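Chemist: I would like the atomic coordinates for the input below:
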Amino acid sequence: MQIYMVGGAVRDKLLGRPVNDHDWVVVGATPEQMLELGYLPVGRDFPVFLHPDTREEYALARTERKSGKGYRGFVVQSSPDVTLEQDLSRRDLTINSIAEGPIGSSAKGLFDPHSGATDLQARVLRHVTDAFREDPVRILRVARFAARFTDFTVAPETMGLMREMVEHGEADHLVAERVWQELARGLMEAKPSRMFEVLRACGALKVLLPEVDRLWGVPQRAEYHPEVDTGVHLMMVLDMAARLQAPLVVRFACLAHDLGKGTTPAHVLPRHIGHEERSARLLKAVAERLRVPLDCRETADVVAREHGNIHRSGELSAAALVRLLERCDAIRKPERFADILLACECDARGRLGLEEAAYPQRPRLLAALGAVQAVVTRDIAADAAARGMSGPQVGTLIHQARVAAVGQWLEGARAH
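Modeler: Residues are numbered from 1 along each chain as shown. Model (predicted):
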């Protein structure tokens with residue numbers, strides 16, 4: 001039995017990046033031997049075990065053979081006869097096909113049969129073998145790695161292979177859970193725009209997210225969007241979200257906020273009247289198709305519907321501000337409202353020449369919410385009950401008190 005450290009841990013170590021998780025491959029062992037040594041079985045489709053002390057994953061060396069369409073169409077073979085080189089050959093990219101070890105041996109060093117270290121130095125994402133085409137999830141993984149390693153390029157032959165896979169319908173067989181998993185991870189990388197650029201370049205974006213793909217080439221009014229192209233704007237918004245270290249709910253909201261602009265009738269361009277409602281409808285379809293988590297879809301829905309009103313909130317009266325807060329459910333869910341405002345700031349600053357601009361709407365609306373939250377609704381309800389009032393009448397009194405509180409705050413803000 002020989003144990004090697006493999007994959008991302010070796011890659012990140014060679015790049016001088018932090019290594020958070022270790023993956024290990026075990027050559028020359030059987031599942032029974034692993035169990036005898038106290039390892040805990042966790043793999044459903046192939047033999048993977050948790051170390052009894054560290055709880056890190058140890059996988060038996062294996063090969064994979066295509067047996068059908070999509071992600072699950074594989075026959076996995078694992079035995080003591082499978083070599084380390086065979087195991088590394090089934091991996092996606094050369095930079096992920098480097099091993100270090102064997103652990104405990106005096107001959108410890110790198111095992112790199114596919115020149116992954118050379119590609120690391122050259123900053124290239126290159127597939128290992130033609131078997132890459134057998135798993136469409138690898139298209140998403142390449143795009144995600146492009147978003148993480150921002151100075152890497154996709155090898156031309158790998159991009160060509162990805163285009164062939166899309167043309168042959170492999171991307172059509174991706175299951176929703178895997179698409180969302182890779183999409184969510186890619187959105188959280190250093191430069192999310194690169195993920196979508198790679199997916200668009202190979203044709204996969206049109207298959208997986210046609211609502212996003214159709215935004216390129218759609219013009220916007222230059223006085224609001226100096227970058228003009230809606231697709232370019234969207235990429236700038238996503239990268240601004242990464243720059244501001246926004247959480248996933250914000251980054252997904254940024255992705256979906258302008259989907260409706262892709263369906264604007266050509267004769268009204270570059271105006272996009274009513275795109276907010278269209279964006280919300282398209283978002284709902286995307287969220288259902290990809291099984292997007294509820295917190296992400298709810299935040300994105302509010303951003304899609306209200307981002308224009310939030311941008312214009314400096315012009316609103318006290319009554320209009322309170323209605324905006326109520327539509328955003330900000331009083332009940334202030335933490336989510338903070339995410340909504342951050343997404344709107346990413347939208348406002350994700351424009352050519354406005355990357356460093358201030359976004360006063362965010363602190364202003366948070367202050368307005370603070371004024372609303374200071375209203376003691378319990379006392380208003382008790383006083384109304386003493387006067388024989390109930391139901392909608394109490395709600396009206398509370399609303400009026402909130403408008404008055406925001407009005408007072410506005411007067412004070414103007415005075416300063």
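Chemist: quick one: the helices in the stretch 101-250 of the chain?
Modeler: 116-122, 137-148, 156-167, 176-187, 192-202, 204-208, 210-213, 230-243, 248-256 (DSSP state H, counting those that start in this stretch).
Chemist: With the stretch 301-416 of the chain instead?
Modeler: Using DSSP H, counting those that start in this stretch, helices in the stretch 301-416 of the chain cover 318-327, 334-349, 361-373, 377-386, 392-415.
Chemist: Comparing these, which stretch has the densest surroundings?
Modeler: When you average the neighbours per residue for each of the helices of the stretch 301-416 of the chain (mean count of other C-beta atoms under 10 Å), helix 334-349 leads with a mean of 22. Where you see a C-beta, it was placed from the backbone N, CA and C, and this is true even at glycine.
Chemist: Give me the angle between it and helix 318-327.
Modeler: 110 degrees (axes from the mean of the first three to the mean of the last three C-alpha atoms, to 10 degrees).
Chemist: So which helix or strand of the protein has the lowest pLDDT on average?
Modeler: When the helices and strands of the chain are scored by mean pLDDT, DSSP states H and E, strand 74-78 comes last with a mean of 70.
Chemist: Can you list the buried residues in the very next helix or strand once past it?
Modeler: As assigned by DSSP states H and E, the chain's next helix or strand after strand 74-78 is helix 84-89. For helix 84-89, the neighbour count (16 or more other C-beta atoms under 10 Å) marks Leu84, Gln86, Asp87, Leu88, Ser89 as buried.
Chemist: for stretch 205-215, same thing?
Modeler: Leu205, Val207, Leu208, Leu209, Glu211, Val212, Asp213, Arg214, Leu215.
Chemist: Stretch 245-263 too?
Modeler: Buried residues in stretch 245-263, counted by 16+ other C-beta under 10 Å: 246, 248-263.
Chemist: What distance do you get for the closest residue to Gly353 other than its chain neighbours to Ser279?
Modeler: By the measure of C-beta to C-beta, 6 or more residues apart in numbering, the closest residue to Gly353 outside its immediate chain neighbours is Pro226, 5.4 Å from it. As judged by C-beta to C-beta, to the nearest Å, Pro226 and Ser279 stand 21 Å apart.
Chemist: Between the two, point out the one with more neighbours.
Modeler: Neighbour count, other C-beta atoms under 10 Å: between Pro226 and Ser279, Ser279 has more, with 26 against 12.
Chemist: So the more buried one, which state does it fall into?
Modeler: What DSSP: H, G, I helix; E, B strand; the rest coil gives for Ser279 is helix.
Chemist: That one and Gly260, how far apart?
Modeler: Taken as C-beta to C-beta, the span from Ser279 to Gly260 is 4 Å.
Chemist: Identify the contacts common to those two.
Modeler: Taking C-beta atoms under 8 Å, 6 or more residues apart in numbering as the contact rule, Ser279 and Gly260 both touch Ala304.
Chemist: what sits against Ala61?
Modeler: Taking C-beta under 8 Å, 6+ apart, one finds Val25, Val26, Val27, Gly28, Ser78, Val82, Thr83, Leu84, Gln86, Asp87 in contact with Ala61.
Chemist: what's the domain layout of this structure?
Modeler: Domain segmentation of the chain under automatic domain parsing yields 2-115, 242-370, 374-415.
Chemist: Next, format those domains as a markdown table and append distance to Ala184.
Modeler: Supplementary listing: these in a markdown table, determined by distance: least, C-beta to C-beta, whole Å:
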| stretch | distance to Ala184 |
| --- | --- |
| domain 2-115 | 16 |
| domain 242-370 | 6 |
| domain 374-415 | 36 |
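Chemist: what's the closest of the ones you listed to Arg138?
Modeler: Of all the domains of the chain, it is domain 2-115 that lies closest to Arg138, at 4.6 Å by C-beta to C-beta.
Chemist: How far off centre is the closest one?
Modeler: 27 Å (C-alpha atoms, centre = their mean, to the nearest Å).
Chemist: Need the CA coordinates for stretch 199-213. PDB is fine.
Modeler: The C-alpha trace of stretch 199-213 is given here as PDB (Å, rounded to 0.1, in the frame of the first residue of the first chain):
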ATOM      1  CA  LEU A 199     -18.800  29.300 -20.700                       C
ATOM      2  CA  ARG A 200     -19.800  31.700 -23.400                       C
ATOM      3  CA  ALA A 201     -16.700  31.100 -25.500                       C
ATOM      4  CA  CYS A 202     -17.400  27.300 -25.700                       C
ATOM      5  CA  GLY A 203     -21.100  27.700 -26.200                       C
ATOM      6  CA  ALA A 204     -22.100  26.200 -22.800                       C
ATOM      7  CA  LEU A 205     -23.700  29.400 -21.400                       C
ATOM      8  CA  LYS A 206     -26.300  29.400 -24.200                       C
ATOM      9  CA  VAL A 207     -27.300  25.900 -23.000                       C
ATOM     10  CA  LEU A 208     -27.100  26.300 -19.300                       C
ATOM     11  CA  LEU A 209     -28.100  29.900 -18.800                       C
ATOM     12  CA  PRO A 210     -29.700  31.300 -22.000                       C
ATOM     13  CA  GLU A 211     -31.200  34.100 -20.000                       C
ATOM     14  CA  VAL A 212     -27.700  35.400 -19.300                       C
ATOM     15  CA  ASP A 213     -26.200  34.500 -22.600                       C
END
